[in-house]
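Peer 1: Kindly return the folded structure for what I paste below:
(one chain, ligands or ions: 2)
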Amino acid sequence: MTDTLNPLESAQEKVRIACEKLGTDPAVYELLKEPKRVIEVTIPVKMDDGSVKTFKGWRSVHSDAVGPGKGGVRFHPDVNMDEVKALSLWMTFKGGALGLPYGGGKGGISVDPSELSERELEQLCRGYIRGIHKYLGERIDIPAPDVGTNGQVMSWFMDEYAALNGGNMDMGTFTGKPVAFGGSEGRNEATGFGVAVVTREAAKRFGIDISTAKIAVQGFGNVGSFTVKNIERQGGKVCAIAEWDKKEGNYGLYNESGIDFKELLAYKEANKTILGFPGATKISAEDFWTKEYDILIPAALENAITGEVAKKLNVKLVCEAANGPVTPEGDAVLAERGINLTPDILTNSGGVVVSYYEWVQNQYGYYWSVAEVEEKQEADMMKAVGGVFGVADEFNVSLREAVYMYAIKSIDEAMKLRGWY
Ligand SMILES: NC(=O)C1=CN([C@@H]2O[C@H](COP(=O)(O)OP(=O)(O)OC[C@H]3O[C@@H](n4cnc5c(N)ncnc54)[C@H](OP(=O)(O)O)[C@@H]3O)[C@@H](O)[C@H]2O)C=CC1
Ligand SMILES: O=C(O)CCC(=O)C(=O)O
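Peer 2: Ligands and ions are numbered 1, 2, ... in the order given. Predicted coordinates:
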């Protein structure tokens, strides 16, 4: 088997297998294999040095069978149309698995945001919204943060959207906004909080004691860092973290007795990197991937665990916090080696769950405390975890297959009710 690194092909394959296992009408795969709409925009930005640069951006709505498109916007040099399409497809199934009233959407711009000044970045954000605003709205398509974007980006998006729409302040058009500008308590940490919930439940299912488990996390961005924090809150410890650096390349940090979250975060805030953190030893990327852990949590980008990487892992459980971090060949190798896996669209669904709460709160104009948000999030995610584990047991399939099978039911039903087949 050759490794498919095209995320769209790998996403389509997962849907095809789920349809086959469930014996759905052939129309279901036909309707779900490609996005409903993809917009491509070229965004000109006047740079600080007086030159003009153009950037390519996309927004894809994979499905709106159940409700408006929903999903993040990624700013990264490797973003391309196929990646955006795949990420939007995954969002359709993430929403389905969690029972959210949404379809799937995703956007992105091919750019390294760290190379832009704040003014240039703001212009890029506003230009992107000028290009796609007619296709956005609380009931149409609702962006949120993903890799390389954050609450500040959402605020510029919202401001530009309101300006282009006669001052329309439908705040639910974007989620992941800062709390001071219509955001929800708990959204910034929500994905990592949810990853910790799913990891805890999977550990129970596969007989791993989370309080003594050795856990490794790849990526210390939004998802990775709050995963580490919430694993610590549950009494677990993360002993290895992998990151990358423009000069240094890929590397890891290791501390057998646990890397302290608060100290590491403070170091990152002060130094803009975790490289050189005194509370752990620097290790090579090769060492990071080959050391023995109970649980490995990839929380960076796609295709981190290829077939080759999967062969050398020394772990019992992989919890996919990133979208698409395991390639189809990686999946096959993990299965052959008896290494369990919790799939991305379940494991990292906490972000979109709390985005949903933000959208609800925006429409009510009534806001919840962080404790209320976390309680609701945990309950909603536990329901999905129970449902997916149940399908896996009933059909004797992997959790990856189970989550697609679990999610597809409601999407299929909505498409049929709408007369799409
Ligand atoms: N934010 C959210 O709410 C959600 C995010 N996700 C998914 O989670 C993943 C991470 O997203 P998020 O945390 O938001 O993004 P961030 O940009 O905040 O963090 C990604 C982190 O991974 C680092 N990184 C990049 N490449 C590597 C590598 N090869 N090895 C180690 N570290 C690396 C980045 O470093 P650097 O910044 O230097 O590039 C950064 O610190 C993505 O797959 C995203 O789609 C899923 C659900 C919701
Ligand atoms: O919060 C959201 O709407 C979506 C987050 C996201 O992009 C994802 O779950 O991959």
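
Peer 1: residues making contact with stretch 168-182?
Peer 2: Judged by C-beta atoms under 8 Å, 6 or more residues apart in numbering, the contacts made with stretch 168-182 from elsewhere in the structure are 72, 136-138, 142-145, 149-152, 154-155, 157-158, 161-162, 183-185, 187-188, 351, 355-356, 358-359, 362-363. The C-beta positions use only the backbone N, C-alpha and C, and glycine is treated the same way.

Peer 1: Among these, name the ones in strands.
Peer 2: With strands identified by DSSP state E, the entries of those that belong to them are 72, 142-145.

Peer 1: circling back: and ligand 2, which of the contacts of stretch 168-182 contact it?
Peer 2: 72, 144, 351, 355 (C-beta under 6 Å from any ligand atom).

Peer 1: who does the residue of the chain at minimum distance from ligand 2 bridge with?
Peer 2: Of all residues in the chain, Gly72 sits closest to ligand 2, with a separation of 2.6 Å (C-beta to the nearest ligand atom). Partner residues in beta bridges with Gly72: Ala144, with DSSP bridges as the criterion.

Peer 1: That one against Val153, yeah?
Peer 2: No: judged on C-beta atoms under 8 Å, Gly72 makes no contact with Val153 at a distance of 10.2 Å.

Peer 1: which neighbours do the two share?
Peer 2: Where contact means C-beta under 8 Å, 6+ apart, the residues bridging Gly72 and Val153 through contact with each are Pro145.

Peer 1: ok so, going back, give me the buried subset of the ones in strands among the contacts of stretch 168-182.
Peer 2: Neighbour-count burial (16 or more other C-beta atoms under 10 Å) is assigned, among the ones in strands among the contacts of stretch 168-182, to 72, 142-145.

Peer 1: okay, those in a markdown table with pLDDT next?
Peer 2: Formatted as a markdown table, the entries for these read as follows, by pLDDT from 0 to 100:
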| residue | pLDDT |
| --- | --- |
| Gly72 | 98 |
| Ile142 | 98 |
| Pro143 | 98 |
| Ala144 | 98 |
| Pro145 | 97 |
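
Peer 1: Which positions in the protein make contact with ligand 2?
Peer 2: Within the chain, the residues that sit near ligand 2 (C-beta under 6 Å from any ligand atom) are 70-72, 94, 144, 146, 175-176, 323, 348, 351-352, 355.

Peer 1: for this protein, longest helix please?
Peer 2: Of all the elements of type helix in the chain, the one with the most residues (DSSP state H) is helix 370-395.

Peer 1: tell me which strands and helices the next helix or strand after it is in contact with?
Peer 2: Using DSSP states H and E, the helix or strand that follows helix 370-395 in sequence is helix 399-417. The criterion is 3 or more C-beta pairs under 8 Å, 6 or more residues apart in numbering; DSSP states H and E, and the helices and strands that helix 399-417 contacts are helix 7-22, helix 26-32, helix 81-98, strand 340-342, helix 344-347, helix 370-395.
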